[in-house]
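1. Please work out how this folds:
(one chain, ligands or ions: 2)
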Amino acid sequence: MTAASVTVRVPAKVNVQLAVGGLRPDGFHDLANVFLAVGLYDHVTAAPAAGLRISGEGRDIESVPLDASNLAARAAIVLAERHGIEPRVHLHLRKDIPVAGGMAGGSADAAGALVACDALWGLGTPREELLAICAELGSDVPFALAGGAALGVGRGEILTPLEVGGAFHWVFAAAEGGLSTPAVYRECDRLRRERGAGDGVDDVAVPAADPRLLDALRAGDVHALAATLSNDLQSAALSLRPDLARTLRAGEDAGALAAVVSGSGPTCAFLVSDEETAAKLAHALGPAARPAPAPAPGATLLPA
Ligand SMILES: C[C@@](CO)(OP(=O)(O)O)[C@H](O)COP(=O)(O)OP(=O)(O)OC[C@H]1O[C@@H](n2ccc(N)nc2=O)[C@H](O)[C@@H]1O
Ligand SMILES: Nc1ncnc2c1ncn2[C@@H]1O[C@H](COP(=O)(O)OP(=O)(O)O)[C@@H](O)[C@H]1O
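-> Residues are numbered from 1 along each chain as shown. Ligands and ions are numbered 1, 2, ... in the order given. Predicted coordinates:
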């Protein structure tokens, strides 16, 4: 028997390390991408329908395309194709992850839609196959399914789970307007060329995870993690959005142990010592700032 409707909760991510290699001939960059899932969630509800329908509510919903180009809709279409069925589903997105903010909200919705449709349609798709579909949908999508912490290599889609020895407390300051991920990668390449270093796979160092950062995660050591956070896209995001430098500084001045742009930005991420400090910092930074703990679980089917 299939359920009347199912809801899946999916987390946002922050990149605690984002090492970006040279531009590949296929237009992507090889990465050493250390993902950490954080407790800021979108919810995807799948309900029976005569065809594919998508609706949404919540943060920034007006800038989310509610049509077949939505990543959640694409996930439903690809899953249905794999099983030779029609994508008969109404997907409803309840968004709390900033849109185009560098926190992988679209990827989260895609992973959520896959899990929700798989349950609604009673397909029982093996996890490995779901992960392969995720990788087809986008580089960040497999991690949204997996959650926790993981090292992503290749485009970021080839995951190795990482051990995390304790909770880490964060504050995320969303910024007005988003940043386009391809535009930030292009700016990174442009800045590298400008520095005379070149931007190709032969010019840029092969990206590698920082062993001190992996130790910090394993030990749950917030000071060691704060000392090793890094993001190769940060200078490109700041070049496109110079105002972010002020936000990063404001967070540091107000007590963050470290501040970093989340992925391609423009959301700024602040690592703090404990939950109480997170609440205080979020308050100090204003209404666009939200506290969130990590690690968070991946896409989770909620009880009916
Ligand atoms: C930068 C990161 C860091 O986790 O995320 P965001 O901060 O945007 O959320 C990711 O690499 C974004 O992953 P995702 O948003 O899934 O990207 P995709 O849909 O696969 O690719 C969109 C575009 O980004 C660029 N891209 C993406 C991944 C990669 N390894 N190299 C790239 O150059 C390419 O221009 C590509 O056409
Ligand atoms: N379900 C979705 N939620 C958010 N954005 C989506 C979704 N589907 C497609 N998009 C498009 O993808 C772009 C990137 O969105 P998002 O994943 O939120 O950002 P980022 O890649 O910076 O983490 C948005 O500008 C939006 O047009």
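2. near ligand 1, which residues of the stretch 101-250 of the chain?
-> 102, 104, 107, 138-140, 155-156, 181-182, 185 (CB under 6 Å from any ligand atom). Using the backbone N, CA and C atoms, a C-beta is placed for each residue, glycine as well.
3. could you dump those to JSON lines with secondary structure?
-> What follows is these, written out as JSON lines (DSSP: H, G, I helix; E, B strand; the rest coil):
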{"residue": "Gly102", "secondary structure": "coil"}
{"residue": "Ala104", "secondary structure": "coil"}
{"residue": "Ser107", "secondary structure": "helix"}
{"residue": "Gly138", "secondary structure": "coil"}
{"residue": "Ser139", "secondary structure": "coil"}
{"residue": "Asp140", "secondary structure": "coil"}
{"residue": "Arg155", "secondary structure": "coil"}
{"residue": "Gly156", "secondary structure": "coil"}
{"residue": "Thr181", "secondary structure": "helix"}
{"residue": "Pro182", "secondary structure": "helix"}
{"residue": "Tyr185", "secondary structure": "helix"}
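4. For the closest residue to Phe270 other than its chain neighbours, give me the pLDDT.
-> Of all residues not flanking Phe270 in the chain, Ala256 sits nearest, at 3.7 Å (CB to CB, 6 or more residues apart in numbering). Reading off the confidence values, Ala256 has pLDDT 98.
5. For whatever residue of the stretch 151-300 of the chain ends up closest to ligand 1, which non-adjacent residue is closest in space?
-> Nearest to ligand 1 in the stretch 151-300 of the chain, going by CB to the nearest ligand atom, is Gly263, at a distance of 2.0 Å. Spatially, and ignoring its direct neighbours in sequence, Gly263 is nearest to Gly102 (3.6 Å; CB to CB, 6+ apart).
6. Spit out the contact partners of the residue most central in space within the chain.
-> The chain has Ala104 as the residue nearest its centroid, 2.9 Å off, counting by CA atoms, centre = their mean. By CB atoms under 8 Å, 6 or more residues apart in numbering, the residues touching Ala104 are 12-13, 97, 140, 143-144, 263.
7. where's it relative to Ala72, distance?
-> For Ala104, the distance to Ala72 equals 13 Å [CB to CB, to the nearest Å].
8. Do a quick rundown of the strands in the protein.
-> Assigned strands in the chain, in chain order: 6-23, 29-47, 52-58, 89-95, 149-153, 158-161, 168-173, 230-231, 258-261, 268-272, 289-294, 300-301 (criterion: DSSP state E).
9. quick one: is the second one near ligand 2?
-> No - residues of strand 29-47 contacting ligand 2 under CB under 6 Å from any ligand atom: none, with a closest distance of 7.5 Å.
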